[in-house]
Structures are given as C-alpha cells and as structure tokens.
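Colleague: Here's a sequence, model it:
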Amino acid sequence: MKRVDVSDRAVPEAPRRRAAVLAMAGALACASAMQPASAADHAYPEKPVRLVVGFATGTPPEIMARLIANQFTKAMGQAFYVDARPGAGSTIATAAVARAKPDGYTLMLGVASGLGTGPHVIPTAGYDPRRDLEPIGFVQRGPYYISVRSDLPIHDLKSMLAYQKSAATPLVFGSLGVGSVHHLLWELLMAKSGAQLTHLPFGGTPQMVNEALAGRVDLMLETASSLTVPYVKAGKFRYIAMTGESRGARFPDVATVREQGFPELESQSWWVLVAPKGTPDTIVRRLNAELAKALQSTEAQQLLDSVGGASSGAGTPQEVRELIRAEYERWGDVIAKTNIKIGG
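Modeller: Prediction:
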C-alpha cells in the first residue's frame, strides 16, 4: 500500500479562514487581558473633580483640602475643587460621599470624627465607613492637646477636675460637633471621672477659639495648630494634657493623658483621602501616587506643621482601610461600654 503524507494535502479554504479568525480572536483577548486599565481610566480626569471636606472654610482640614486640590490640579491638568460641607462632626459630608457615584470624580478628606465615631452616635448618618468608602491614602496623623483659659487656676487634669467640683457653674468645653472625637473624649473623661461639664459644639476651630477668647468656652481639645499655638505662647491659653503615647517635641512639658491617669483618652487626629466604594482601582492607585507627591511639597510640610500634624507618607489603601476599621470598632466599643449619651 502506498504511504500518503498528509502534510502534502491541501487544507480546505473554509477551515483555514476559520482557524485564522480564531487565532486573531485569541490574540486580541490576550492583548486585552494585558491592558492595566480602560481607556477611560487612562484619560482620568476628564472633567473637574470635587474634593469634599466636612468642616468650614478656614479650618485646618479645609485648608489642607485646598492644598491637595491645588497640587492635584497642577499634576493632573484638570481642576480639583473643594466642597466644604460642615456639620455634625463631618458625618453630613461623609454620608454624601458614601452615596456618590464611584467614578473618581467625588473624593473626600475624611477625618476621625466622620469615619471613626459619627455613625455610632448619629444613627441617621446612614453609612458604614468600612463598607461604603474606598481608602486612598493617609494625609496626616498627630496628637490632640487639651487647653484651658489661662485665667483659670487649672494646670493639669487633676486640678481641672478639682476646680470643676467647686465651680459655681459647670466648665464649658468646646468641640467640633456632636459625635466628633473632640466631643467623645470629653464624654469619656466625664464617664471615667464623674465630672460634670457643659458641651458647646462649633462648626470649626476659629469659632471655638473666638468664644474661648471671649470667655464663653473654658476648655478645648485640638491639635497644636496655628489656630491655638499663638494664643498659648501669648499666655491666653494653657496646655494641660496631650493625647499621644509620648510627650511631643514642641511642648515637652505637657504631660500625656496616660501619665495623668487617663490612658483611655489616648487618641490621635488623623486625616485620610477616600472615595465612594467601587471607585476603579486604577484611579485609586493614581490618586495615591499623586497624594504621596503632594505631601512631599514644601507647602504641604509647612501646612502640616501649622496644623500640629505630621505625615510619614500616603501609605497604602490597605493601611488606611485597617486604620478606619480599628478606629471605628474602638469608638463603637467605647460608646457601648461607657453608655455615652449624645445630647447635642
């Protein structure tokens, strides 16, 4: 029998065309899979981007938001603008961002009060920061300082608690809104010490400072920012405690809350950049990289120093996610165990 070499046979035209089409389709699929982002993501941003902040114009978070917006505008060639929505410890602003379209065109400078405490103490907040927001990067972290008007005979937490017992009227403490960390730390102090203080909330630090200068606010809890430090140096206010784990380099004579017997008050101010849940990962990574660059600028370093904070870089979205989770759960536990009641 004659041996036939099948390689010599002609391949029919139709199967050959079909094979070519399949090969081209496979090549296109591979090329598509290798693309790191869609064309829309590569073009981001194609229109102005809104950066929401939950505090009034002129407050440290709003000033920082404007600086970041300006840096992003320069770096990405599209306008980033600040939308200040003060109130309720920034929970109003945070709720709006949580409901926004996750397309990268709504961002937020989130703070501890909106992401860590607000939903626990304001049931109508309507969001869970662990579930409804996409972390991007850190902006700053730093301790709080407790200050008192210098005309009062108070030099530490012990003398403050002793004075309030004999005062004709309760001492008044200011905060940056019901449910903010600035509020809850005072509630926690009262729960632990039995002190009776009066709460007076404000939309921003400047208003609170002005009321203290006028004698209508006795106690404040704020970062060592340019809004309070000048008055401390001028003898108008006095720092009596700080909430960091160790004393600060700028005010080494101010004892920590742990040193004064209240380790429960240890806390820090923290600001992070977030977006609505579901914002494309390529956009999140782009914003994280640009944020890291922005924080290295001379302007950002000077501003961070002026607000009493510090930055060790933008970190990673996962690190921000872990901080939000830890703070949210910590404050939820504190509120439940101390039975703190928020009256406004």
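Colleague: The closest residue to V121 other than its chain neighbours: what secondary structure?
Modeller: Nearest residue to V121, sequence neighbours excluded (Cβ to Cβ, 6 or more residues apart in numbering): G179, at 3.8 Å. (C-beta placed from N, C-alpha, C; glycine too.) The three-state assignment at G179 reads coil, by DSSP: H, G, I helix; E, B strand; the rest coil.
Colleague: Q140 versus G179, what's the distance?
Modeller: When distance is defined by Cβ to Cβ, to the nearest Å, G179 is 21 Å away from Q140.
Colleague: returning to that earlier point: ok, now how distant is the residue nearest to V121 from E327?
Modeller: The spacing between G179 and E327, counted by Cβ to Cβ, is 13 Å.
Colleague: where does the residue nearest to V121 land on pLDDT?
Modeller: Per-residue confidence at G179 stands at 74 (pLDDT).
Colleague: Count the residues that sit near it.
Modeller: Counted with other Cβ atoms under 10 Å, the burial measure for G179 works out to 29 neighbours.
Colleague: wait, isn't G203 in contact with A56?
Modeller: Yes - contact status for G203 versus A56: in contact at 4.8 Å, counting by Cβ atoms under 8 Å.
Colleague: How about the secondary structure of S147?
Modeller: Counting by three-state DSSP, the backbone at S147 sits in strand.
Colleague: Identify the residues contacting it.
Modeller: With Cβ atoms under 8 Å, 6 or more residues apart in numbering as the criterion, the residues that contact S147 are 219-222, 228, 232, 237-240.
Colleague: Please flag which of these sit within helices.
Modeller: In this view, the contacts of S147 that belong to helices under DSSP state H are V232.
Colleague: hmm, back to that, what values do phi and psi take at the residue nearest to V121?
Modeller: According to degrees, to the nearest 10, the main-chain angles of G179 amount to phi 90, psi 0.
Colleague: ok, it to G116 distance?
Modeller: Counting by Cβ to Cβ, the separation of G179 from G116 is 10 Å.
Colleague: how far away is the residue nearest to V121 from G215?
Modeller: In this structure, G179 lies at 26 Å from G215, with Cβ to Cβ as the measure.
Colleague: can you give me the helices for the stretch 51-200 of the chain?
Modeller: Assigned by DSSP state H, counting those that start in this stretch, the stretch 51-200 of the chain shows helices spanning 60-76, 91-99, 112, 118-121, 129-132, 157-166, 181-193.
Colleague: still on that earlier bit, hang on, isn't the residue nearest to V121 packed against G118?
Modeller: Yes - between G179 and G118 there is a contact under Cβ under 8 Å: 5.1 Å.
Colleague: Which neighbours do the two have in common?
Modeller: Common contacts of G179 and G118 (Cβ under 8 Å, 6+ apart): 88-89, 91.
Colleague: And for V82, the neighbour number?
Modeller: V82 has 19 neighbours, counted by other Cβ under 10 Å.
Colleague: Is it bridged to anything, and to what?
Modeller: The partner list for V82 in beta bridges (DSSP bridges) reads L51.
Colleague: Might you report the residue contacts of it?
Modeller: Neighbour list for V82: 51-53, 62, 65-66, 69 [criterion: Cβ under 8 Å, 6+ apart].
Colleague: out of those residues, what pair is the most spread apart?
Modeller: Maximum pairwise distance in these, criterion Cβ to Cβ, is 12.3 Å, between V52 and R66.
Colleague: Those two - which one has more neighbours?
Modeller: In this comparison of V52 against R66, neighbours counted by other Cβ under 10 Å, the higher total goes to V52 at 22 against 19.
Colleague: What separation do you get for the more buried one and Q140?
Modeller: Remark: distance between V52 and Q140 (Cβ to Cβ) = 17 Å.
Colleague: cool, V172 as well?
Modeller: Note on V172: its distance to Q140, by Cβ to Cβ, is 28 Å.
Colleague: okay, these two: which has more neighbours?
Modeller: The residue with more neighbours, out of V172 and Q140, is Q140; 25 against 17, by other Cβ under 10 Å.
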